[in-house]
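*Asks:* what's the 3D shape of this:
(one chain, ligands or ions: 2)
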Amino acid sequence: MTEHILVIIKPDGMLKGHAGHVLARFEETDLLLVGGRVVKVTRELAETHYAHLKDKPFFAELIRFLMGELHNNQDMVLALIFSGEDAVKKGRAIAGATNPELAEPHSIRGSLGRVTTKGVFENVIHVSSDALEGEREIKLWFSPDEVAREIFPSKLVAGRKAWL
Ligand code: IDP
Ligand code: MG
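*Replies:* Ligands and ions are numbered 1, 2, ... in the order given. Coordinates of the predicted model:
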């Protein structure tokens, strides 16, 4: 089934210059890049993105991590949308397990991520966990005009496209 996923090069990946490598790994697949933008991560965006984790003990540090507060205030991330057959499975395989110490060594998280002494998973990229999450996340990070393919329906509101 065709799926759409959000991939984010997180602040550690941006600061260390891994965006090009991540893009190259995705280009080796048959997934289609249909959107990309550099986004300044506000607290509101970070907290909405990770809303389902708000009760976790690591939530506060996770939000600081995504806002770049652990990486020289690198608050700009690269957000990408990839579409294609089994995009979730393919994207998650490239990313590797959530914990970089447990991730397959050749995956992005396994090769480039680390766990800090404070227990923060600096895991370089975000990849949507399933198709529904992919849709929610893409609609949070992108407006319809910023996506080069009509992947989800939209409507005109006051002359501008909005997600349905
Ligand atoms: P995922 O990114 O592999 O989908 P999620 O469970 O959705 O993993 O968690 C979102 C993010 O929260 C992870 O990428 C990681 O940055 C952070 N995280 C998840 N579990 C832990 C943990 O046990 N300790 C520290 N950070 C965690
Ligand atoms: Mg997840």
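
*Asks:* secondary structure element for the residue nearest to residue 124 when sequence neighbours are not counted, which one?
*Replies:* For residue 124, ignoring the flanking residues on the chain, the nearest one in space by CB to CB, 6 or more residues apart in numbering is residue 13 at 4.1 Å. Where C-beta positions appear, they are placed from N, C-alpha and C, glycine not excepted. Using DSSP states H and E, residue 13 falls within helix 11-15.

*Asks:* what separation is there between the closest residue to ligand 1 within the chain and residue 31?
*Replies:* For the chain, the residue closest to ligand 1 is residue 98, as judged by CB to the nearest ligand atom, at 3.4 Å. Distance, residue 98 to residue 31, using CB to CB, to the nearest Å: 21 Å.

*Asks:* I figured the residue nearest to residue 124 was touching residue 111, is that so?
*Replies:* No. Residue 13 is beyond contact range of residue 111, at 11.6 Å (criterion: CB atoms under 8 Å).

*Asks:* in the protein, which residue is most central in space?
*Replies:* Nearest to the centroid of the C-alpha atoms of the chain, with distances taken as CA atoms, centre = their mean, sits residue 8, at 2.7 Å.

*Asks:* that residue against residue 124, yeah?
*Replies:* No. Using CB under 8 Å, residue 8 is not in contact with residue 124, being 9.6 Å away.

*Asks:* this structure against ligand 1: which residues are in contact?
*Replies:* Residues of the chain lying near ligand 1 by CB under 6 Å from any ligand atom: 53, 58, 62, 98, 119, 120, 121, 123, 126, 129.

*Asks:* the residue nearest to residue 8 when sequence neighbours are not counted sits in which helix or strand?
*Replies:* Distances taken as CB to CB, 6+ apart place residue 126 nearest to residue 8, at 3.9 Å, with adjacent residues excluded. Using DSSP H and E, residue 126 sits in strand 125-127.

*Asks:* contacts made by that strand with the rest, please.
*Replies:* 5-10, 13, 22, 88, 91-92, 94-95, 108-109 (CB atoms under 8 Å, 6 or more residues apart in numbering).

*Asks:* same thing with stretch 9-21?
*Replies:* In contact with stretch 9-21 (CB under 8 Å, 6+ apart) are residues 22, 41, 65-68, 70-72, 74-78, 80, 108, 112-113, 122-126.

*Asks:* what comes up buried for it?
*Replies:* By neighbour count with 16 or more other CB atoms under 10 Å, stretch 9-21 contains the buried residues 9, 10, 11, 12, 13, 14, 15, 18, 19, 21.
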